[in-house]
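[1] no sequence for this one, just the structure:
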């Protein structure tokens, strides 16, 4: 299904693009690092983020991070228990920091949560609403975890949701594709090249011949 964009009513939401999650040498590198590298998600995400900024799209960054000793972590799931066991995503450390080139710029909103999804316990919903957006483009790692969680919430909130699938990855290509097969019922599954073209069209920029 095709879609159009009004850049003045669009938010780009970057989800959990942090060292511990995305990089092979991060605490969750054994789970997500290989696919993120193979799919080249960091470079593609950087390019999409830069395009969004060029077209004055509102950008929001969501991170998952915890206090030292994880005193604010409620480990009620195997995934969050692994965060505790590996001492991962401690605020102020390299592992919890955003990847180079995906750091927030001044005036861009940053949301920090202590749950798998970015909405619980945060003001993300209000921050998106404050922009006046009707469309949210999102990407992140992992497709079947935070991207899935955010897509479902945003769809229920009434937003047009667009997933930049080439800027996402999961623990395996199969898991990535399975997640998208379901999320495609709730969102437009697109890619960074197509989204960039729609940015250009919305801004009245003619494509290169």
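    Sure thing, it's come through. Values in this document were obtained by computation on a predicted structure and should not be read as measured data. Residues are numbered from 1 along each chain as shown.
[2] Where does the prediction get shaky in the protein?
    Along the chain, the parts satisfying pLDDT under 70 run over 1, 206-209.
[3] okay, which residue is most central for it?
    By CA atoms, centre = their mean, the chain has its centre lying nearest to residue 15, at 2.4 Å.
[4] Can you name the residues bridging to it?
    Counting by DSSP bridges, residue 15 forms beta bridges with residue 62, residue 140.
[5] I'd say it and residue 143 touch.
    No: checked against CB atoms under 8 Å, the pair residue 15 and residue 143 is beyond contact range at 9.8 Å. (Each C-beta comes from the backbone N, C-alpha and C, glycine too.)
[6] any residues in contact with both of those two?
    Common neighbours of residue 15 and residue 143 are not found (criterion: CB atoms under 8 Å, 6 or more residues apart in numbering).
[7] for stretch 89-101, how far is the first residue from the last?
    Start-to-end span of stretch 89-101 (CA to CA, to the nearest Å) is 19 Å.
[8] List the buried residues in it.
    Buried residues in stretch 89-101, counted by 16 or more other CB atoms under 10 Å: 89, 90, 91, 95, 96, 97, 98, 99.
[9] which one of those residues sits closest to residue 195?
    residue 99 (19.6 Å; CB to CB).
[10] Name the nearest residue to that closest one, ignoring sequence neighbours.
    If the residues on either side of it in the chain are set aside, residue 99 comes closest to residue 17, at 5.3 Å by CB to CB, 6 or more residues apart in numbering.
[11] which ones are touching the one you found?
    Counting by CB under 8 Å, 6+ apart, residue 17 touches 42, 45, 61, 98, 99, 102, 140, 141.
[12] Angles on the backbone of it, please.
    Backbone torsions for residue 17, taken as degrees, to the nearest 10, come to phi -90, psi 70.
[13] try residue 18
    Per degrees, to the nearest 10, the backbone of residue 18 is at phi -120, psi 150.
[14] So it is in contact with residue 103, correct?
    No: at 10.6 Å, residue 18 does not count as touching residue 103 under the criterion of CB under 8 Å.
[15] Please say which of those two ends up with more neighbours.
    residue 18 (27 against 13; other CB atoms under 10 Å).
[16] what's the lengthiest helix in the chain in contact with?
    The residue-count maximum for a helix in the chain (DSSP state H) belongs to helix 41-54. Contact with helix 41-54 is made by 12, 14, 17, 22, 36, 59, 99, 101-102, 105, 137, 139, 141, 164, 166-169, 192, 195-196, 199, as judged by CB under 8 Å, 6+ apart.
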